[in-house]
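> Sharing a sequence plus its predicted fold:
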Amino acid sequence: MKIKDLILAILIFVLPWLSTAQCAMCRAVLESQEDNSMAEGINNGIVYLMALPYILLGVIFYFVYRKMRS
């Protein structure tokens, strides 16, 4: 169990550090574009990906609440 906790802790600290490189690369590509249509598309995609887990979690909580009330 201790090995799994250690691996999980390492992944929690390393993965955000690795993922920040992609943000800088995307930003550089989008800022070099003349029109903003691609940047708007990327922003809409980010909002879409951010909203989906919250919507799913809300639906699950609704069904659990409804099940607990009856």
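Perfect, thanks for sending it.

> Now the phi/psi pair for residue 41, please.
When quoted as degrees, to the nearest 10, the phi and psi of residue 41 stand at phi -60, psi -40.

> what's the neighbour count on it?
11 (other C-beta atoms under 10 Å). Every residue, glycine included, has its C-beta placed from N, CA and C.

> next one: the one 3 residues further on
The burial count assigned to residue 44 is 10, neighbours taken as other C-beta under 10 Å.

> Secondary structure class of residue 34, three-state.
Here residue 34 is coil, with the state taken from DSSP: H, G, I helix; E, B strand; the rest coil.

> Show me what the host helix or strand of residue 42 is packed up against.
Taking DSSP states H and E as the criterion, residue 42 maps to helix 37-69. The helices and strands touching helix 37-69, judged by 3 or more C-beta pairs under 8 Å, 6 or more residues apart in numbering; DSSP states H and E, are helix 2-31.

> Next, the angle from the helix it packs on to helix 37-69.
140 degrees (axes from the mean of the first three to the mean of the last three C-alpha atoms, to 10 degrees).

> Could you number the chain from 10 rather than 1 from now on?
Got it, the first residue is 10 from now on, which makes the last one we talked about helix 11-40.

> and helix 11-40, how far from the chain's centre?
With C-alpha atoms, centre = their mean, to the nearest Å as the basis, helix 11-40 stands 12 Å off its chain's centre.

> got a list of what the residue nearest to the spatial centre of the chain touches?
Nearest to the mean C-alpha position of the chain, by C-alpha atoms, centre = their mean, lies residue 59 at 5.6 Å. Applying C-beta atoms under 8 Å, 6 or more residues apart in numbering to residue 59 gives no contacts.

> What is the neighbour count of residue 48?
For residue 48, the count of nearby residues is 15 (other C-beta under 10 Å).

> so where is this structure shaky, pLDDT-wise?
In the predicted model, the chain carries pLDDT under 70 at residues 10, 25-33.

> and with 90 instead?
Within the chain, the ranges that satisfy pLDDT under 90 run 10-61, 79.

> From residue 17, how far out is residue 71?
Note on residue 71: its distance to residue 17, by C-beta to C-beta, to the nearest Å, is 31 Å.
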